[in-house]
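Asker: Below are the sequence and a predicted model; questions follow.
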Amino acid sequence: MRQVIHPQMQFGEQDISAIEFDPRSRDDIPQILRGLQYIYTTPELRERVFAILSEVAPASTVEGKNGPADTSTGRPGMEQWKILVLGTLRLGLNADIDRIHELANQHNTLRRLLGHGDWADDTQYNLQTLKDNLRLFTPELLDRINQEVVSAGHALIKKSPQEPLNGRCDSFVVETDVHYPTDINLLFDAMRKTVEVCASFCDEHALTDWRQSAYNIRKLKKLYRHAQRIKHSTAKDEAKREARRDEIKAAHQAYLEQAEDDVRRARDTRMTLMIGCDVLPALLAELDAYIAHAERQIDQIRRRVIFGQTIPHEEKVFSIFEPHTEWISKGKAGVPVELGLRVCVLEDQDRFILHHRVMEKLTDDQVIVAMVKETRTRFPRLASISTDKGFHSRANQRDLAELLDRVVVPKKGKRSAADQAREGDPEFIRLRRQHSAVESAINALEVHGLDRCRDHGIRGFKRYVAMAVVARNIQRLGAILYAQDRAREKRKRGPYKQAA
């Protein structure tokens, strides 16, 4: 049984609308909490957001064996309002779960926003509880919450419903939490997990196949380190260089032979588990995945080192734990390569992020039309878009012109007379000059969580990015409220007190 928030205030609890924040504070936490307070204290907005939050539940409670489950029964789960507050704070502060755990238990203002009293309520959050509940959001639900937050922000600054939105779009790389990949360290990762999973199954079913699993891993690691340390010769003598190449091949061959022997043993163990222990194939899916990773890396190392072949880029995997990771080289100074995924964001002139998209094996010019269509579905007032040259193509220029009143997408390469006339238009120049402000939004996202994704899997990556966008817009909402509060206080003081 879950509730968005407990409907009855407890003894010692302070009403969320009565929480006061220091208007002189320059920290991120008060801005985020002020934005969340506004969501809670604005009746229509709260009703819409709470309706979305009511859908946040574990998959096991959403769909049972006999159809949709009854979510009004069972043990009480963490209230969805608390999940939103802590999830927003996690991404808004670029914090790990341990820091959120500390803040949830010790930060007085945050606890009041969560619905706890000052002294009568000694509720403490467990670390695992936070880990389990902050994963309940889906990217789709977060996208719907983001639409409500942005609409509330537009209403807060008294933007007319007829006033057009001018979008600016760009992409950046969100890194995945992986180490620098080489084919031999990826093979070691796959073999280490293969041996560990096999040993775990053997312990569970009283088999002795991998009783020396720790020794097997150390033996393989010794061969891996030897292959890693050996370097190509820089000698000018061809005979010495050839001798060193032979040493490199011998070191890698010994490493591969040991890995192949362990893979064969792992396959034998798998067969024993299925036939002798009646383990279902579905329970062996993790072991199968690691064996497949190991066999692929063995094949690629042999082709590259032993046979001297070049491995095509599309065959490479850059992490066995985060297989969606891409090798991205954007040509930035001091950043030769980034390991992660591109994320495209579209911001309006009021610095709210209207929409975003995780780009899996896509480039800028392949997503811009879809980005605009999806954004117009959410915000029909989008009237113009500005991008850099990376989003240009003839088809994009044509399709965007049919969707929007103004398209500010500079052309790559040499420009025709028509292109020069289009890009020389004063409105094109004005919007083009304002486009660089999107870099501020990207920097804010990176500083507040999107420098590196801490969640696992492609689903976790998309959830992490969506939560960061929501957190950024809520903080923007809080910053506007802080500015309005300061302006209101300034008017109250009057000109004489201000001069004094």
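Answerer: Received the coordinates, thanks.
Asker: confidence score at Asp425?
Answerer: At Asp425, the pLDDT value in this model is 87.
Asker: With the one 4 residues further on instead?
Answerer: At Ile429, the predicted lDDT confidence score is 90.
Asker: Pull the number of nearby residues for Ala282.
Answerer: Residue neighbour count, defined by other Cβ atoms under 10 Å, stands at 6 for Ala282. (Glycine included, C-beta is placed from N, CA and C.)
Asker: same check, this time on Phe321
Answerer: Here the neighbour count serves as a burial measure; for Phe321 (other Cβ under 10 Å) it reads 16.
Asker: is it true that it touches Val178?
Answerer: Yes - when contacts are counted by Cβ atoms under 8 Å, Phe321 is listed as touching Val178 (6.9 Å).
Asker: Residue ranges in the stretch 201-350 of the chain under the pLDDT threshold?
Answerer: In the prediction, the stretch 201-350 of the chain carries residues with pLDDT under 70 at positions 232-235.
Asker: Tell me where it has strands.
Answerer: Across the stretch 201-350 of the chain, reading from the start of the chain, the strands by DSSP state E, counting those that start in this stretch fall at 326-328, 338-347.
Asker: buried set for the longest one?
Answerer: Within strand 338-347, the residues scored as buried using 16 or more other Cβ atoms under 10 Å are 338-347.
Asker: Next: stretch 305-319.
Answerer: By neighbour count on 16+ other Cβ under 10 Å, the buried set for stretch 305-319 is 305, 317-319.
Asker: and Val367, what is it in contact with?
Answerer: Neighbouring residues of Val367 by Cβ atoms under 8 Å, 6 or more residues apart in numbering: 171, 344, 357, 359.
Asker: give me the number of residues near the residue nearest to Leu53 when sequence neighbours are not counted?
Answerer: Spatial nearest neighbour of Leu53, chain neighbours left out: Gln80 (3.9 Å); criterion: Cβ to Cβ, 6 or more residues apart in numbering. The number of residues packed around Gln80, counting by other Cβ under 10 Å, is 24.
Asker: list the helices and strands whichever helix or strand Ala418 is part of packs on?
Answerer: Here Ala418, judged by DSSP states H and E, is contained in helix 417-423. Other elements packing on helix 417-423 under the criterion 3 or more Cβ pairs under 8 Å, 6 or more residues apart in numbering; DSSP states H and E are helix 426-434.
Asker: which helices and strands sit right next to the helix it packs on?
Answerer: Applying 3+ Cβ pairs under 8 Å, 6+ apart, one finds that helix 426-434 contacts strand 165-176, strand 382-386, strand 406-408, helix 417-423.
Asker: Which one of these lies nearest to Ala441?
Answerer: Checking those against Ala441 by Cβ to Cβ gives strand 165-176 as the closest, at 8.3 Å.
Asker: So for that closest one, mean pLDDT?
Answerer: Averaging pLDDT residue by residue across strand 165-176 gives 94.
Asker: Sheet partners, orientation included, of it?
Answerer: Paired neighbours of strand 165-176 in the sheet (DSSP bridges): strand 338-347 (antiparallel), strand 382-386 (parallel), strand 452-453 (parallel).
Asker: so which two of the contacts of Val367 are the farthest from each other?
Answerer: Across the contacts of Val367, no pair lies farther apart than Ser171 and Arg357, at 8.8 Å, counting by Cβ to Cβ.
Asker: could you say what helices and strands the helix ranked longest in the chain packs with?
Answerer: With residue count as the measure and DSSP state H as the assignment, the chain has helix 457-499 as its longest helix. Based on contacts counted as 3+ Cβ pairs under 8 Å, 6+ apart, the elements that helix 457-499 packs against are helix 28-41, helix 80-92, helix 139-156, strand 165-176, strand 338-347, strand 353-359, helix 438-445, strand 452-453.
Asker: export those to a markdown table and tack on distance to Leu404?
Answerer: A markdown table is the format used below for the helices and strands packed on helix 457-499 (distance: least, Cβ to Cβ, whole Å):
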| stretch | distance to Leu404 |
| --- | --- |
| helix 28-41 | 30 |
| helix 80-92 | 30 |
| helix 139-156 | 18 |
| strand 165-176 | 9 |
| strand 338-347 | 12 |
| strand 353-359 | 13 |
| helix 438-445 | 16 |
| strand 452-453 | 31 |
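Asker: His252 is nearest to which of these?
Answerer: Evaluated with Cβ to Cβ, the helices and strands packed on helix 457-499 place strand 338-347 nearest to His252, the distance being 23.6 Å.
Asker: quick revisit: the longest helix of the chain versus helix 438-445: what angle between them?
Answerer: Interaxial angle of helix 457-499 relative to helix 438-445 (axes from the mean of the first three to the mean of the last three Cα atoms, to 10 degrees): 110 degrees.
Asker: neighbour-wise, which of Ser171 and Arg357 wins?
Answerer: For Ser171 versus Arg357, neighbours defined as other Cβ under 10 Å are more numerous around Ser171 (24 against 21).
Asker: gap between the more buried one and Glu338?
Answerer: Counting by Cβ to Cβ, to the nearest Å, the separation of Ser171 from Glu338 is 12 Å.
Asker: so the residue nearest to Leu53 touches Val49, yeah?
Answerer: No - under the criterion of Cβ under 8 Å, Gln80 makes no contact with Val49, lying 9.7 Å away.
Asker: just the buried residues of strand 338-347 now: which is nearest Arg218?
Answerer: Distances from Arg218 to the buried residues of strand 338-347, taken as Cβ to Cβ, are shortest for Leu339 (28.0 Å).
Asker: for the closest one, what are its contacts?
Answerer: With Cβ under 8 Å, 6+ apart as the criterion, the residues that contact Leu339 are 175-176, 178, 180-181, 318-319, 325-328.
Asker: before we move on, back to that, any buried residues in the helix holding Ala418, and which?
Answerer: Residues of helix 417-423 classed as buried by neighbour count (16+ other Cβ under 10 Å): Arg422.
Asker: Show residues contacting it.
Answerer: Identification of contacts with helix 417-423 by Cβ under 8 Å, 6+ apart yields 410-411, 415, 428-429, 432.
Asker: picking up where we left off before, switch the strands of the stretch 201-350 of the chain over to TSV; also include distance to Lys462.
Answerer: Output for the strands of the stretch 201-350 of the chain, formatted as TSV (distance: least, Cβ to Cβ, whole Å):
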stretch	distance to Lys462
strand 326-328	14
strand 338-347	9
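Asker: so which of the ones you listed gets nearest Leu141?
Answerer: Ranked by Cβ to Cβ, the member of these that lies closest to Leu141 is strand 338-347, at 18.4 Å.
Asker: Kindly provide the distance from Arg430 to Gln349.
Answerer: Relative to Gln349, Arg430 is positioned 11 Å away (Cβ to Cβ).
Asker: out of the two, which sits in the more crowded spot?
Answerer: Here Arg430 and Gln349 are set side by side on neighbour count (other Cβ under 10 Å), and the busier one is Gln349, at 16 against 12.
Asker: what sits against the residue nearest to that one when sequence neighbours are not counted?
Answerer: The spatial neighbour of Gln349 that comes closest, neighbours along the chain excluded (Cβ to Cβ, 6+ apart), is Asn166 at 4.8 Å. Residues in contact with Asn166, defined by Cβ under 8 Å, 6+ apart, are 348-349, 383-384, 386, 406, 431, 434.
Asker: What's opposite Asn166 in the beta bridge?
Answerer: Residues in beta-bridge contact with Asn166 (DSSP bridges): Ser384.
Asker: Out of the buried residues of stretch 305-319, which is nearest to Asn146?
Answerer: Comparing the buried residues of stretch 305-319 against Asn146 with Cβ to Cβ picks out Ser319 as the nearest, at 28.5 Å.
Asker: okay, now the domains of this protein?
Answerer: 16-155+462-499, 162-177+324-457, 183-315 (automatic domain parsing).
Asker: Could you list the low-pLDDT ranges of the stretch 351-500 of the chain?
Answerer: Scanning the stretch 351-500 of the chain for pLDDT under 70 picks out 494-500.
Asker: now for stretch 20-30, what's the gap between its first and last residues?
Answerer: Counting by Cα to Cα, to the nearest Å, the length from the leading to the trailing residue of stretch 20-30 is 10 Å.
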